[in-house]
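>>> build me a structure from this.
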Amino acid sequence: MSDTGGFIPLRLEAGLNAPFIARAAERTVPIDVGASTTKAEISRGGFALPELLVQPELIGSFLDDLQIVPTKVVTQTIAPGTSVAVGTSIDVVLTQTADLPVAVIPGIHVAFQGDTMAQLHTRFADSAVVRDILRTKTSPDELTNDDRIALSGALEAQQVTVGSAPGQTVDNAFTALQAAFTFQS
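As a prediction, the model looks like this:
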């Protein structure tokens, strides 16, 4: 899929012998490919998994009785947002992230090493300061001095020491909080 929202741009160029309409300025003609049929090639352990037919009325009643377990993609072989050709294999790892240790994220604050994503999220979920900073910033490099001061205050209110030592910086805390809020939202 292209960046043109389901359309593939087609570039037309015409020579002197082409009809007048084709000799007009170069133009992009959108061709809708959103309705094309595709078939997912799903495999597990290198073996293709077949598409199975089910009786919707029976499986629906069975699934209605199960508890929903929210999962998130935690890793994938192709970077998110990367365009790939049809048929490209992408391995994804899904997990229930509530129990995922914050320590799996590199560069986090040492105070959060023993927390799970759910614990860290719960600890700061009521902080408007933390929520606002995480909504507007995508990396520690984007933090302004005011953001750093506000985030330091929110951390200290939760007895999290912020300093300049490795593993104790505002950047380290931001990294951990960003992961916890991403995986819990």
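
>>> go ahead and flag the most central residue of this protein.
Taking CA atoms, centre = their mean as the criterion, residue 80 is the residue nearest the geometric centre of the chain, at 6.7 Å.

>>> wait, is that residue part of a strand?
No. Going by DSSP: H, G, I helix; E, B strand; the rest coil, the assignment for residue 80 is coil, not a strand.

>>> what residues does the longest helix along the chain touch?
In the chain, taking DSSP state H as the definition, the longest helix is helix 170-184. For helix 170-184, the external contacting residues (CB atoms under 8 Å, 6 or more residues apart in numbering) are 72, 74, 97-98, 100, 102, 105-112, 115, 117-118, 120-121, 124-125, 130-131, 133-134, 137-138, 140, 143, 148, 151-152, 155, 160, 162, 166. In this view, the C-beta of every residue, glycine as well, is placed from N, C-alpha and C.

>>> which ones are touching residue 102?
Going by CB under 8 Å, 6+ apart, residue 102 touches 108, 112-113, 115-117, 120, 176, 179-180.

>>> by neighbours, which of those residues wins?
Greatest neighbour count in the contacts of residue 102, by other CB atoms under 10 Å, goes to residue 180: 29 neighbours.

>>> domain parsing for the chain?
Domain segmentation of the chain under automatic domain parsing yields 1-35, 97-184.

>>> coming back round to it: mind listing what's buried along the longest helix of the chain?
170-181, 183-184 (16 or more other CB atoms under 10 Å).

>>> and that helix, what's its mean pLDDT?
For helix 170-184, mean pLDDT is 94.

>>> now that helix, how far from the centre of its chain.
The chain centroid and the centroid of helix 170-184 are separated by 14 Å under CA atoms, centre = their mean, to the nearest Å.
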